[in-house]
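J.: A structural model of the following input is requested.
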Amino acid sequence: MSIRKLNLTILVVLLVGLSAVFAWERLSIQRVSAEDQNVYENLQIFSDVLDIVKENYVQEVDDEELVEGAISGMLRTLDPHSSYLDPDAYKELQVETKGSFGGIGIEITIRDGFLTVVSPLEGTPAYELGIQAGDQILRVDGEPTKEMTLMEAVKKMRGPKGTNVVLTIMREEFTKPQDFVITRATIAIRSVRSKTLEPGYGYIRLSQFQSSTARDLRKEIAKLEKENKPLKGLILDLRNNPGGLLDQAVKVSDEFLNEGLIVYTGGRLKSQDMRFEAHMNTKPHTYPIVVLVNEGSASAAEIVAGALQDHKRAVVVGVKTFGKGSVQTVMPLRNGAALRLTTAIYYTPSGRSIQAKGIEPDIVVERLPPGRLEDDGGKAIREEDLQNHMGGDEEELSDTKPDSERDSTIKKELARDNQLARALDVLKSWEILSQMKYGYQQ
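T.: Numbers count the residues shown, from 1 in each chain. Below is the predicted model of the structure:
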């Protein structure tokens, strides 16, 4: 083939290739243009409706309220956790994560179309009045909650300290809804508490994941390890913990793990895919851990329970958790408001999705009302429990030393809380089994 013919052939191929590229670009532009055109048409309809309402509604309406209402309606079509935060609600959200806010002290969501309590916050008016995880809130001050968004419900429940709000609650054991009159208070949450249950066995309660939770946890662990030499086991109580900050859940998990994946997220955008790994601790905690969970353990609490369970670092005791495994990203807006949008899903290290599934405990222990004896695996009925039972040897009784006030309080708490008592039994069994020798000696 001559050089001239070769050059001509190359030119033809290039022209054909360029034609194909231009054709594809035109097709793509047409597709994008069609999508844009559809969006513009819908926005034009929205603008028309806005004008019609402003000009013809029976009362004069505020432009800002109309637009905020439209935004809230749009987000309502997504999921219960996506919402519009007006400037006041956004400021309140920022305050909450620092541990002090106004209200009655409950975490809520929408489940099966009903406004539902995720968990009451420990020590708050709602907690003291007996509001429970799973309660359905049918009305707030007499107004039905069926069409309310989460933020609308939150705003109605909050108010000045000392004022009352009436929640109409339906519970599984109720034959009809009941009204709870709750007095609002300034809610100050101490997210970490600890105590020694018995010599060698510690207890840490995490009520919420706030900005200082991981730091406070380390202090309480150090205190327990100093009081108990050695610390033989630890109970980490995450019951009725509604969650909180993701980074604190990661740090709490990292405190008990030396390596491996803690949690990862998956979303529609690559930027929402995140992985969080554990690091080697300068002071490892080698003792056994039992994590207590219930239906009020949600979000960040489920991340911690799932991570420690997957790594075989802890035994999870209690009942299945709430199942709130979605990631909400808060995006500030130019007017001082913010958009809280669900952007990803949490997964435990083994790839389990928490969303709507929750964490299944290794040992299922249902919570029993105080004073009720368990039929199996708990406190058995003994001679001393029977009415008019005969006393034992007086000499033996006289040798028994009275418990200290603290020990007496702990015993009463264990008697009232069968899940906590079972968790302590698990830790004790762990130590006993580790010391046993199996098999036959030759």
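J.: quick one: the strands in the stretch 251-400 of the chain?
T.: Residue ranges of the strands in the stretch 251-400 of the chain, as given by DSSP state E, counting those that start in this stretch, are 261-267, 274-277, 289-293, 315-318, 326-332, 338-347, 363-364.
J.: for the fourth one, packing partners?
T.: It stands for strand 315-318. Applying 3 or more CB pairs under 8 Å, 6 or more residues apart in numbering; DSSP states H and E, we find strand 315-318 packed against strand 289-293, helix 300-310, strand 363-364, helix 418-435. Every C-beta, even on glycine, is put in place using the N, C-alpha and C of the backbone.
J.: buried ones in the last one?
T.: Residues of helix 418-435 classed as buried: 418-428, 430 (neighbour count, 16 or more other CB atoms under 10 Å).
J.: now that helix: mean pLDDT?
T.: When pLDDT is averaged over helix 418-435, the result is 91.
J.: then the shortest one?
T.: Strand 363-364 shows a mean pLDDT of 97 in the predicted model.
J.: how far out from the middle of the chain is that strand?
T.: 20 Å (CA atoms, centre = their mean, to the nearest Å).
J.: what sits up against it?
T.: Applying CB atoms under 8 Å, 6 or more residues apart in numbering, the external contacts of strand 363-364 come out as 315-319, 422, 426.
J.: who does it pair up with?
T.: According to DSSP bridges, strand 363-364 forms sheet pairs with strand 315-318 (parallel).
J.: C-alpha coordinates for the partner strand, PDB please?
T.: Coordinates of each C-alpha in strand 315-318 appear next as PDB, following Å, rounded to 0.1, in the frame of the first residue of the first chain:
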ATOM      1  CA  VAL A 315     -20.900 -11.500  74.700                       C
ATOM      2  CA  VAL A 316     -24.100  -9.600  73.900                       C
ATOM      3  CA  VAL A 317     -26.900 -10.200  76.400                       C
ATOM      4  CA  GLY A 318     -30.500  -9.000  76.400                       C
END
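J.: how far off centre is that strand?
T.: That offset, for strand 315-318, works out to 16 Å (CA atoms, centre = their mean).
J.: apart from its neighbours in sequence, what residue is nearest residue 152?
T.: Nearest residue to residue 152, sequence neighbours excluded (CB to CB, 6 or more residues apart in numbering): residue 72, at 7.8 Å.
J.: from residue 148, how far out is the one you found?
T.: 10 Å (CB to CB, to the nearest Å).
J.: so if I had to pick from the two, which one is more boxed in?
T.: Applying other CB atoms under 10 Å to residue 72 and residue 148 shows that residue 148 carries more neighbours, namely 19 against 15.
J.: does that one count as helix, strand or coil?
T.: Following DSSP: H, G, I helix; E, B strand; the rest coil, we place residue 148 in the coil state.
J.: how about it, what does it touch?
T.: Counted by CB under 8 Å, 6+ apart, residue 148 has contacts 115, 140, 156.
J.: report the beta-bridge partners for the first one.
T.: Per DSSP bridges, the residues bridged to residue 115 are residue 110, residue 137.
J.: would you confirm that it contacts residue 107?
T.: No - judged on CB atoms under 8 Å, residue 115 makes no contact with residue 107 at a distance of 11.7 Å.
J.: can you show me the helices along the protein?
T.: Ranges of helices in the chain, per DSSP state H, are 3-56, 63-76, 87-96, 125-129, 150-157, 213-227, 246-256, 300-310, 394-398, 405-416, 418-435.
J.: ok, and what's touching stretch 266-277?
T.: Residues contacting stretch 266-277 (CB under 8 Å, 6+ apart): 250, 259-265, 327, 329, 343-345, 347.
J.: closest to residue 68 among those residues?
T.: Of all the contacts of stretch 266-277, residue 329 has the smallest distance to residue 68: 19.8 Å, by CB to CB.
J.: okay, that closest one: pLDDT?
T.: The score at residue 329 is 88. That number is its pLDDT.
J.: next one: residue 187
T.: 77.
J.: separation between it and residue 297?
T.: Residue 187 sits 19 Å away from residue 297, going by CB to CB.
J.: how many residues are close by the residue nearest to residue 204 when sequence neighbours are not counted?
T.: Sequence neighbours aside, residue 194 is the residue nearest to residue 204 in space, at 4.7 Å (criterion: CB to CB, 6+ apart). By the criterion of other CB under 10 Å, residue 194 has 21 neighbours.
J.: and for residue 293?
T.: 31.
J.: residue contacts, residue 150?
T.: Neighbour list for residue 150: 80-81, 83, 108-110, 115 [criterion: CB under 8 Å, 6+ apart].
J.: cool, residue 323 as well?
T.: Counting by CB under 8 Å, 6+ apart, residue 323 has contacts 298, 302, 354-358.
J.: for residue 433, see how far away it is.
T.: 32 Å.
J.: now swap in residue 299 and tell me
T.: Distance from residue 299 to residue 433, by CB to CB: 33 Å.
J.: swap in residue 177?
T.: Using CB to CB, we find residue 177 at a distance of 48 Å from residue 433.
J.: next one: residue 152
T.: Per CB to CB, residue 152 is found 53 Å from residue 433.
J.: cool, residue 292 as well?
T.: For residue 292, the distance to residue 433 - CB to CB - is 20 Å.
J.: now residue 413
T.: Using CB to CB, we find residue 413 at a distance of 26 Å from residue 433.
J.: kindly report the same for residue 301.
T.: Taken as CB to CB, the span from residue 301 to residue 433 is 28 Å.
J.: same deal with residue 131?
T.: Residue 131 sits 39 Å away from residue 433, going by CB to CB.
J.: got it, and residue 134?
T.: 35 Å.
J.: ditto for residue 195
T.: Distance from residue 195 to residue 433, counting by CB to CB: 25 Å.
J.: picking up where we left off before, now the two most distant members of the contacts of strand 363-364.
T.: Counting by CB to CB, the most remote pair of those is 319 and 426, 15.1 Å apart.
J.: which of the helices and strands in the protein ranks last by mean pLDDT?
T.: None of the helices or strands of the chain scores lower by mean pLDDT, DSSP states H and E than helix 394-398, at a mean of 37.
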